[in-house]
Every structure is written in C-alpha cells, then in structure tokens.
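1. Here you go, sequence then predicted model.
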Amino acid sequence: MEKIITIGVDLAKSIFQVHAINDVGDVVLQKALKRRDMIAFFEKLPRCLVGLEACSSAHHWGRMLRELGHDVRLIPPAYVKPYVRRQKNDAADAAAICEAVARPTMRFVPIKTEEQQAALMLHRARALLLSQRTALICAIRGHMAELGLIAPRAVRNMGPLLDVLADDADESLPPLARAALRPLADQLTHIDVQLARLDRELQKWHRANPVSQRLATIPGVGPITATALAASVTEPSMFASAREFSAYLGLAPRQNSSAGKTRLGRVSKMGDRYIRTLLVNGAVSLLSPTRKRSCALDVWAKVLTEKSKPTKLVALALANKMARIAWALMRRGEAFRDPALAA
C-alpha cells in the first residue's frame, strides 16, 4: 500500500467509511470499516492527517485517534457540504471530508475534553427538563381553565392550581378531572426536584472552573451562562476578533453585500442557539426596571433606549456586547472590570 497522507472518515453508528489519499492526491484506499475495527486500522497506519465531521461522536473518536499519534481535525458539516460531488452517500461524504481537511483556509472545531462534554450534557438535560416542565404547566393550566380555574401566567403562580389538585375536599374540580391532572402535577414536582439537582451540579462545576468564574463577573451572566460558555468554547483564539465570536453565536447582522456596498440585515441566528438564548435572557434581565444595581452596560443600554429603540433590539445589542466581552475575558484570562465602578 502506498503511503497515506490524508484520510477522511465519515462517522456513523456502526459502519464508518474511509477515504485515503497519498502525497500527490491520488486515491489510495476506499474502505468501509466496522466500529470494532477502527482502532486496529489506525494503529497500523503511520502518523497522518485525519478529517472528521463534527458530529455527536466526533470528539470521542478525535481523542482516540489523537492518542494514536494522528493529527485529527474536526470540520463543521456546513463546510464539508460544498465538496460533496453529485449525489450524497457515505463514500462521497468521506471523499468530501478528505478534500476539505486539506484546504489551507479551512476552519476547524477544537476537540472537547470529556469534562467539557459532561458539563454540556448537564445543560442539555436541564434544557430538556425545562421544556417538559413548560409542557406540563401549559397542560394543567389549559385543562383547569376549561373548568373556570384561572391563574396568572408564570411558573410562580401555579401554586393555587396545584393546591386545588391536591385538596380532595375542594369541590371546584370534578373528581375525574382531579384523577386526570394529578399525575401531571406529580410529574411536575418530580421535574422540579431533578432541575434543582442539575443546578447544584452546575454550581459545583462552576466553582471548580476558573474560566466560568471569570465569565460570571460579567453583568447579566450567571453560573448557567458562564458554564455553558466555558464548556462550549475550547479555544477562544480560534476566533480572530470579538465580532467574529458574536457572529459565530448568531448575534451579528446578516450581510448581503455586493459591488463594494455593505448591506446589513437582521441578525443571522446562526451558531449555538442555546448560548444565544442565555445571553439574550441575561440582557433582558439587565433592562429590567426593577434592577437596583447599575453598571456600565446599563448606561450603554439606557442611551439606546432614550433613542426610542425597541426593547428587544436593545436587548439583542446588549447580548452582542456581552458575547464580545466574554470572548475578551476568555482570550486574556481576566475578570470583568466595570468602568463605572472604576471611575
């Protein structure tokens, strides 16, 4: 077999497709590998460049192949797609990955550690439980509204409705309705317990992670947002600037420029939707009229508000600014210093 220089691997659950080329770009090997044969196959190969699509198991295989001495790089799927020729299949995907990984201008995804992946699992599990809790609250509220039992919106106002469900002597709710809705209330209570447990685990990880602690010094960024950023951004240096990081999160305007004319539209909403949501929620909390403490970000946002800018637009601009500050803190290894307090 000729010497292999670059390999593209199309990952799957059981069968992996391998596409290898030599130093002049000729195809040396095209092969389908079973999962159990992956390690043995790469152990026999000399050190080479291995390209993987950034998917759910890519970080695991990236760590495994890197331990074997290979230069492993993860590519975003959107950057691989332009290199797929004609119809899509596993062999074509592997060839496209092999072509894309050798491009000098290609951008790659840093390989996450097991600790970072575990922290992100806490966030994903928490987000799933929150969506289930919202569904249960909406179901209970909707069904009880059919019987004239109304409660104001928000989770904190569910207490009176749950008290009616728990009280068998309350005749405002028919027995059959109580039998139907009580399992939902029990499930809601169980989810609240599990959410509290996940929050404690995130707090524990936050206290042990210096990057997360520095990020939490930013106004509007709490432990949840800080841990999500610290676990998601492995190498801040991969972003050339703060604006590039905010664009990665989908907080920068979408461009439709041509002929030297710059045309900016709405925010792109690309990148990590979860982190973007956390940052926007944190920005909204800074704009709350009940907020007692003031900071430089509040003053900056107040200037936009006085210009009759919509509240949601100001919150989005504030989230953009918070993302840029977060990149600067991660890149420089510093904590946030409020200019207003320094003055």
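-> Looks like it came in fine. Residues are numbered from 1 along each chain as shown.
2. From now on I want contacts and neighbour counts done on CA atoms only, so please keep to that.
-> Fine.
3. how near is H60 to D71?
-> For H60, the distance to D71 equals 14 Å [CA to CA, to the nearest Å].
4. Can you point out the buried residues in stretch 211-226?
-> Of the residues in stretch 211-226, those scored as buried under the neighbour-count criterion (16 or more other CA atoms under 10 Å) are 211-226.
5. Straight-line length of stretch 259-273, end to end?
-> Stretch 259-273 has an end-to-end distance of 32 Å (CA to CA).
6. can you pull the buried residues of it?
-> By neighbour count with 16+ other CA under 10 Å, stretch 259-273 contains the buried residues K269.
7. just how off-centre is it within its chain?
-> Mean-position distance between stretch 259-273 and its chain equals 20 Å (CA atoms, centre = their mean, to the nearest Å).
8. ok, residues contacting it?
-> Residues external to stretch 259-273 that are found in contact with it (CA atoms under 8 Å, 6 or more residues apart in numbering): 247-257.
9. List the contacts of the host helix or strand of A226.
-> Assigned by DSSP states H and E, A226 belongs to helix 223-232. Contact partners of helix 223-232, identified using CA under 8 Å, 6+ apart, comprise 116-117, 119-120, 123, 202-203, 205-206, 211-213, 215-216, 275, 278-279.
10. Buried residues in stretch 71-81, which are they?
-> Within stretch 71-81, the residues that count as buried by 16+ other CA under 10 Å are 72-76, 79-80.
11. what about Q117, distance to V233?
-> Using CA to CA, which is the criterion applied here, Q117 is 11 Å from V233.
12. quick one: low-confidence ranges for the stretch 1-150 of the chain?
-> Per-residue confidence for the stretch 1-150 of the chain (pLDDT under 70) gives these ranges: 1.
13. residue ranges of the helices in it, please?
-> Ranges of helices in the stretch 1-150 of the chain, per DSSP state H, counting those that start in this stretch, are 38-43, 58-67, 77-80, 90-101, 114-145.
14. which of the ones you listed sits most buried?
-> Among these, judged by mean count of other CA atoms under 10 Å, the one packed with the most neighbours on average is helix 90-101 (a mean of 24).
15. Output the contacting helices and strands for that helix.
-> Contact partners of helix 90-101 among helices and strands, from 3 or more CA pairs under 8 Å, 6 or more residues apart in numbering; DSSP states H and E: strand 6-10, strand 15-21, strand 49-53, strand 71-75, helix 77-80.
16. Can you tell me what sits against the fourth one?
-> Okay, so that is strand 71-75. Applying CA under 8 Å, 6+ apart, the set of residues contacting strand 71-75 is 47-54, 58-59, 62, 65-66, 97, 101, 107-111.
17. Equivalent analysis for the third one, please.
-> Under the criterion CA under 8 Å, 6+ apart, residues 5-11, 58, 62, 70-77, 80, 97-98, 101 lie in contact with strand 49-53.
18. same thing but 6 Å
-> Outside of strand 49-53, the residues within contact range by CA atoms under 6 Å, 6 or more residues apart in numbering are 6-9, 71-75, 77, 101.
19. circling back to that earlier point, so which of the contacts of stretch 259-273 is the most crowded?
-> Within the contacts of stretch 259-273, L251 tops the neighbour count with 27 neighbours, counted by other CA atoms under 10 Å.
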